[in-house]
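Asker: this one's structure only:
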Ligand SMILES: [Fe+2]
């Protein structure tokens, strides 16, 4: 009888230790996930130089908003953008979602009203919206919609030629010649285009800078080594998720975007991002 009691006691100790280890593991995993959640928005600054830039210009790039902020969050983002005192804002797509909280996009645009804004649509707008209605609503906030269009933009003594292409057709439908026809000046040329994976197209475009979003920074990053895990249109371990890339002389700038979730799955170790681009004269 006494031996049986001892045997039960040993079994309980083993179970207790196992439970402690499991609890510790779960706590560690929970802590690691919590530490990586997107609690803040990064402000990432880049500088590019060019002879055609006469005065320093400040450009804010906002992408992939996906209606993912409440009123307080939208005000915080608006304050962040306004504090940068940008000359203009570029928005390369996925600023709107049709299926939830549609008004948040326009509450955000209200915060930015008065700053020149240039926009091309992303895949989420293309697939899910009545685009005529959507673009009219953007225009009501002063946004210039640039799907398959261009605009000459004068800021101080510098003229920028800004064009945009939509996601409506696949990459092969946008023959490089057709995109190149959008540009017809010698000014600094910027192309808004949502998808960074269209690099074979961008390599053939006679522009200086392509501004993209779409990749959401790679959704999850592996801590310590900072490797992005997955991105739409690029799959596992994507190459083009943020930063500036050189494509045969054409610079491609990718915004990690603003949304904190993708289909309800949170980002990890990959904060949302507002990009702050300084264009400077090379002569300085
Ligand atoms: Fe997106």
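Answerer: Received it, and whenever you're ready, just let me know what you need. Remember, it's a predicted structure, so these values are computed and weren't measured experimentally. Numbers count the residues shown, from 1 in each chain.
Asker: would you map out the domains in the protein?
Answerer: If you go by automatic domain parsing, the domain ranges for the chain are 1-36, 40-281.
Asker: among those, show me which one is buried the most.
Answerer: Mean neighbours per residue, mean count of other C-beta atoms under 10 Å, is largest over these for domain 40-281, with a mean of 18. Just so you know, the C-beta spots here come from the backbone N, C-alpha and C atoms, and that holds for glycine as well.
Asker: ends of that one, how far apart?
Answerer: Using C-alpha to C-alpha, to the nearest Å, the end-to-end distance of domain 40-281 comes out at 32 Å.
Asker: average pLDDT for it, rounded please.
Answerer: On average, the pLDDT along domain 40-281 is 94.
Asker: is it true that residue 270 touches residue 222?
Answerer: No - counting by C-beta atoms under 8 Å, residue 222 is not a contact partner of residue 270; they are 10.0 Å apart.
Asker: hmm, back to that, for the ion, which of the domains of the chain is the nearest?
Answerer: domain 40-281 (3.5 Å; C-beta to the ion).
Asker: that closest one close to the ion?
Answerer: Yes - using C-beta under 5 Å from the ion, we find that domain 40-281 touches the ion at 64, 94.
Asker: distance between that domain and the chain's centre?
Answerer: 6 Å (C-alpha atoms, centre = their mean, to the nearest Å).
Asker: phi, psi for residue 20 please.
Answerer: Residue 20 adopts backbone torsions of phi -60, psi -40, taken as degrees, to the nearest 10.
Asker: got the confidence number for it?
Answerer: 79.
Asker: what ranges does the stretch 101-250 of the chain have for its strands?
Answerer: 117-119, 143-145, 149-155, 158-165, 188-193, 209-212, 221-222, 227-228, 230-231, 235-236, 243-247, 250-254 (DSSP state E, counting those that start in this stretch).
Asker: so which of those strands comes closest to residue 13?
Answerer: Proximity to residue 13 (C-beta to C-beta) singles out strand 221-222 among the strands of the stretch 101-250 of the chain, at 36.8 Å.
Asker: so what touches the closest one?
Answerer: 36, 227, 228, 229, 268, 269, 270 (C-beta atoms under 8 Å, 6 or more residues apart in numbering).
Asker: that concludes my questions; thank you for your assistance.
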